[in-house]
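J.: fold the following for me, if possible:
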Amino acid sequence: YEGWNVLGIYQRNLTSFEEKEIVSNRADKGKCINCHSFADYSPQQMMFHVRGEGGGTALWKDGELSKLPLETTGPKKSGTYPMWHPHGRYIVFSSNVTRQSFLSEGEKALEVYDLQSDLILYDTQTKSVLTDPRFMDEAHWETFPAWSADGKWLYYCGALPCQMPMDYKKLRYSLCRVGFDEQTGRFGERIDTIYNAERAGGSVSFPRLSPDGRYLLYTKAACATFPIWHKESDLKMMKLPGGEEVDVEILNSGEAESYHSWSSNSRWILFSSRRLDGRHTRLFIAWMDSEGKVHKPFLLPQQRAGHNTLRMKSYNIPEFVKGEVILPQKQVNALFFPQK
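T.: Sure thing, here's the model as predicted:
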């Protein structure tokens, strides 16, 4: 909550120790750079957010860098948590009004929460924002959207609003899904509840579907919507279809486990954890065999043994990608950092 002004999106070659900057806010520390998504693991199709004056949502697609007109199109809502449709045409966003409260007692330093959240859909072909009235009303909060591997289902976390921040411990997000027609850009009539948090307890975040369509990995905390600040936050997995629970306790620790992603062959899980010191988020990698058994995770290897102790920065939003991302820096600067 204080280090956002020294922030960047970086890429690490997993066959070596090579680390490169994709984009950072070193040119303007008043801007915050976060939340990125790729289309089918492609380094040629990427989006990311730049927050602050003159910021916006950057789209890197087919060799062109542009700024998405989310705030001036359709319902005029900004994008928050994104997920690119596997076939590349659509990007779904939750649009959140996020706040944080610092706590005066207890082990937790702060709680991050939403005052409202909706879902919007951006069509990269027509350059328009599509909406569904069910996901735009104030009677429900929707966040953390994720597509199924075939692109026919949208999964998301949904909750009934609470008085925030006073009642944050009562806020519980369930896991839901709705059908999607790629030809029309419309969602189906039926909404299924995959995990009912009101009945089963806890609160769900970050649903992620394996590319082979067999598994759904998600984060579960006691309440609310920002698991990295919840020490009890763990990774959970279910088998698809049917929702049978898969034992992934080997992934968890006594500290927060949070954001996670799948490799393109559905055999590797990359996730963030605070298990080393309870404060800094580090990256761990685990292998899952063809029978669905998850094996012991290991810390992202570093060239020097003391790297993860001496590097006083956290990793966040780890994503697998199939190659190196090379953004045209002159275009990045022209769009977001014109003074550089």
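J.: next, count neighbours for the nearest residue to residue 169 once chain neighbours are set aside.
T.: Nearest residue to residue 169 in three dimensions, chain neighbours excluded: residue 223, at 5.0 Å (Cβ to Cβ, 6 or more residues apart in numbering). Yep, even glycine has a C-beta here, placed from its N, CA and C like the rest. Residues lying near residue 223 (other Cβ atoms under 10 Å) number 21.
J.: tell me which residues touch residue 223, please.
T.: 168, 169, 170, 171, 172, 202, 203, 230 (Cβ atoms under 8 Å, 6 or more residues apart in numbering).
J.: one more time with 6 Å, if that's ok
T.: 169, 171, 203 (Cβ atoms under 6 Å, 6 or more residues apart in numbering).
J.: got it, and residue 336?
T.: Taking Cβ under 6 Å, 6+ apart, one finds residue 50 in contact with residue 336.
J.: now residue 199, what's its secondary structure?
T.: helix (DSSP: H, G, I helix; E, B strand; the rest coil).
J.: measure it to residue 88 for me?
T.: 37 Å (Cβ to Cβ, to the nearest Å).
J.: who has more neighbours, the two?
T.: residue 88 (18 against 9).
J.: where does the more buried one fall, phi/psi-wise?
T.: Phi and psi for residue 88, reported as degrees, to the nearest 10, are phi 90, psi -10.
J.: now it: closest residue in space, sequence neighbours ignored.
T.: Residue 88 sits nearest to residue 39 (Cβ to Cβ, 6+ apart), 4.3 Å away.
J.: residue 157 looks like it's in a strand, true?
T.: Yes: under three-state DSSP, residue 157 falls within a strand.
J.: and residue 259, which helix or strand is it part of?
T.: Residue 259 is located in strand 257-262, with elements delineated by DSSP states H and E.
J.: send the alpha carbons of that strand over as PDB?
T.: What follows is strand 257-262, C-alpha atoms only, in PDB (Å, rounded to 0.1, in the frame of the first residue of the first chain):
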ATOM      1  CA  GLU A 257      -1.700 -18.100  -0.600                       C
ATOM      2  CA  SER A 258      -3.200 -15.900  -3.200                       C
ATOM      3  CA  TYR A 259      -3.000 -15.300  -6.900                       C
ATOM      4  CA  HIS A 260      -2.300 -18.300  -9.200                       C
ATOM      5  CA  SER A 261      -2.200 -19.400 -12.800                       C
ATOM      6  CA  TRP A 262      -1.900 -22.500 -15.000                       C
END
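J.: how distant is it from the center of its chain?
T.: Taking Cα atoms, centre = their mean, to the nearest Å, the mean C-alpha location of strand 257-262 is offset from the chain mean by 8 Å.
J.: next one: stretch 111-121
T.: 13 Å.
J.: which parts of this structure are helices?
T.: 197-200, 307-310, 329-336 (DSSP state H).
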